[in-house]
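In: Let's see this in three dimensions:
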Amino acid sequence: MTRSHCFVLQHEYPISFYPEKNQLVIDSEEIHLEPLQAKLLSYFIEKRGLVVSTQQIANDVWQRTHVSDNLVRQVISLLRSQLQDKSRPYRIIQTIPKQGYLFDIEVTQPSVKFMSAEKTSLSATATLAPYYKKKIITLTVTAVLAVGVTVAWVWNNDFQTNDPMVITARQADVIPVYIHDITLDSANNYEMSESVYNYLFYGLNSAKNLSGYHFSQLSKQGRQSLANNGVELKSWLKKKDGDYVLNVLVQNNSHPNQRQKVEKSFSQDNFFDAIGDVILEIKAIIAPMGSEYGVASHRVTSIESYDDWSVISEGISLFYQGKGGQPFEDIAVQLNGIQQQGRDNYLVNALLSYSESLAYLQNSEQEDRERALQLAKQAFEMNPRCDIANLTLGLALLINQHANQAFPYLSYAAESTPSPISFYLLSVADKLSDNPKGSQYNYQRYTDVKKEHTGQLFDLIESL
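Out: Model (predicted):
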């Protein structure tokens with residue numbers, strides 16, 4: 001018999017927080033926190049009454065450099081959601097404009113006895129150490145199979161749609177950019193066009209005020225709504241004298257007369273710089289950059305090898321097609337090689353997480369789903385704005401039977417980049433959360449999206 005530290009947050013309703021178990025208890029309901037959320041809440045309790053900046057939080061909680069303010073805000077947003085801090089302005093974790101955050105509610109610390117396999121308990125200070133207890137519950141493939149045919153999704157009444165993580169893409173200052181498939185003069189250039197398209201897509205989505213959409217995945221109704229809204233990108237790629245020539249027509253549907261063309265010649269050797277310059281030009285046309293924008297901001301990741309990017313790009317395309325099977329297994333082998341050689345990034349980790357999730361659905365090996373969750377969390381922490389990172393984290397949480405926790409990630413991805421896989425996984429989450437109406441709605445959204453003749457997600461659904 002050992003003792004577990006418990007903090008009670010004296011809000012409108014008492015909130016019990018067990019750091020060692022990464023757990024909240026609100027009105028007798030047990031709520032599991034992600035390790036980073038539990039670590040952050042422990043930090044706020046330690047800094048109670050003090051205003052802390054996002055940079056200070058990044059330094060103290062993440063304890064490493066290159067943590068973006070956006071990542072800190074995203075995790076705070078998720079923590080607020082778990083704490084059910086719905087009021088505006090927020091009352092538990094207050095936002096202090098231009099300064100940071102303030103946690104200033106009363107906290108008591110009664111001791112509660114519980115049985116534990118651990119021989120030692122952590123002090124309040126030790127909760128900031130990298131100690132996390134994994135709580136993995138078996139999810140049967142049969143339960144997920146029941147989802148495959150009948151599921152769909154709609155917003156839960158209790159789900160916080162005012163969470164900035166959920167509505168980012170619908171904010172008034174975010175401009176939708178609809179990217180058409182690239183037109184080719186030769187089928188032999190498909191691999192390069194795929195690489196260009198995916199780099200354009202992620203480069204443009206790296207801007208906070210732009211949200212890229214795959215035009216080919218829009219429903220008929222969605223395409224009709226483009227008549228007076230958003231920006232469309234129509235591109236052509238041809239090979240000339242050993243190099244490639246890319247032309248991009250930037251069409252502002254709100255101002256039809258304001259069309260501009262961007263042209264760039266490039267080769268594999270200068271792919272990143274050249275396509276990055278195209279991204280910069282497009283961004284400057286659509287939304288002039290702020291003073292804080294740097295030349296390096298167009299880089300999608302730290303990738304420097306075109307060979308690496310061509311592998312990642314093919315994985316991205318297979319992912320959006322929902323493909324598993326041998327094609328993705330071949331790509332996963334190459335992605336593993338990139339990771340083992342120390343050149344991993346958020347896209348590599350996210351795609352490998354997807355591969356591990358598919359493996360679990362096929363063979364039900366515990367280590368596959370644990371690995372899927374680990375990789376997905378790493379990918380999300382590297383880039384919380386990446387839709388694939390959010391989708392693969394949502395999928396990993398689903399197969400680890402944490403459907404409720406998957407909602408923020410899947411919703412963010414569906415709002416920022418609507419796609420068949422985002423709607424389908426949301427339908428799975430709602431089905432597992434006993435929300436049949438929502439299930440039906442989002443499954444309909446999934447079926448409304450244009451798919452290939454074999455069906456987007458065919459292999460994934462088949463494996464489920």
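In: With adjacent residues omitted, what lies nearest to I179?
Out: Spatial nearest neighbour of I179, excluding adjacent residues (CB to CB, 6 or more residues apart in numbering): L233 at 4.8 Å. Every C-beta, even on glycine, is put in place using the N, C-alpha and C of the backbone.
In: Can I take it that that neighbour is in a strand?
Out: Yes: residue state for L233 (DSSP: H, G, I helix; E, B strand; the rest coil) corresponds to a strand.
In: any idea how far it is from F44?
Out: Distance, L233 to F44, using CB to CB, to the nearest Å: 42 Å.
In: Tell me where the stretch 101-250 of the chain has strands.
Out: 107-108, 111-114, 175-179, 183-184, 210-214, 231-240, 243-252 (DSSP state E, counting those that start in this stretch).
In: partners of the first one, with directions?
Out: The partner list of strand 107-108 in its sheet, established with DSSP bridges, is strand 7-10 (antiparallel).
In: Check what pLDDT I461 gets.
Out: We note a pLDDT of 61 for I461 in this prediction.
In: Please apply the same query to K234.
Out: At K234, the pLDDT value in this model is 94.
In: try D269
Out: The model reports D269 with a pLDDT of 92.
In: go on, A296?
Out: Looking at A296, its pLDDT reads 51.
In: And for P384?
Out: Value for P384, per-residue pLDDT: 79.
In: Name the helix or strand for G342, please.
Out: G342 belongs to no helix or strand when assigned by DSSP states H and E.
In: Torsion angles phi and psi at it?
Out: In terms of degrees, to the nearest 10, the main-chain angles of G342 are phi 80, psi 20.
In: residues near it, how many?
Out: The number of residues packed near G342 is 6, by other CB atoms under 10 Å.
In: any idea which element the residue positioned nearest the centre of the chain lies in?
Out: Nearest to the geometric centre of the chain sits N390, at 2.0 Å (CA atoms, centre = their mean). Following DSSP H and E, one finds N390 within helix 387-399.
In: quick one, that helix and strand 210-214 angle?
Out: For helix 387-399 against strand 210-214, the angle by axes from the mean of the first three to the mean of the last three CA atoms, to 10 degrees is 70 degrees.
In: Report the distance from helix 387-399 to the chain centre.
Out: 7 Å (CA atoms, centre = their mean, to the nearest Å).
In: just checking, what packs against it?
Out: When contacts are defined as 3 or more CB pairs under 8 Å, 6 or more residues apart in numbering; DSSP states H and E, helix 387-399 packs onto helix 346-363, helix 366-382, helix 403-416, helix 420-432.
In: please redo it, this time with the cut-off set to 10 Å
Out: Packing partners of helix 387-399 (3 or more CB pairs under 10 Å, 6 or more residues apart in numbering; DSSP states H and E): helix 141-150, helix 190-205, helix 306-320, helix 346-363, helix 366-382, helix 403-416, helix 420-432.
In: Now do the residue lying closest to A38 once chain neighbours are set aside against K377, distance only.
Out: Take A38 and drop its neighbours on the chain: the residue closest to it by CB to CB, 6+ apart is N22, 4.2 Å away. With the distance defined as CB to CB, N22 ends up 13 Å from K377.
In: shared neighbours of the two, anything?
Out: Shared contacts of N22 and K377 (CB atoms under 10 Å, 6 or more residues apart in numbering): E34, P35, L36.
In: Could I get the full set of helices for the stretch 1-150 of the chain?
Out: Counting by DSSP state H, counting those that start in this stretch, the segments of the stretch 1-150 of the chain that form helices are 35-46, 54-57, 69-82, 141-150.
In: Output the second one in PDB with nothing but the alpha carbons.
Out: Translated: helix 54-57. Provided in PDB are the C-alpha atoms of helix 54-57 (Å, rounded to 0.1, in the frame of the first residue of the first chain):
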ATOM      1  CA  THR A  54       4.900  30.700 -23.700                       C
ATOM      2  CA  GLN A  55       8.700  30.700 -24.100                       C
ATOM      3  CA  GLN A  56       9.200  30.100 -20.300                       C
ATOM      4  CA  ILE A  57       6.700  27.200 -20.500                       C
END
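In: helix, strand or coil for A332?
Out: Relying on three-state DSSP, one would call A332 helix.
In: Test my guess that it contacts I312.
Out: No: here A332 lies out of contact with I312, judged by CB atoms under 10 Å, at a distance of 11.5 Å.
In: Identify the nearest residue to L102 in space, disregarding sequence-adjacent positions?
Out: Counting by CB to CB, 6+ apart, the nearest residue to L102 once its immediate chain neighbours are dropped is Q94, at 4.4 Å.
In: That neighbour: neighbouring residues, count only.
Out: Other residues within reach of Q94, judged by other CB under 10 Å, total 15.
In: Okay, it and T108: tell me how far apart.
Out: Q94 sits 20 Å away from T108, going by CB to CB.
In: got any ranges where the stretch 1-150 of the chain has weak pLDDT?
Out: Applying pLDDT under 70 to the stretch 1-150 of the chain flags residues 1-4, 64-67, 70, 88, 111-150.
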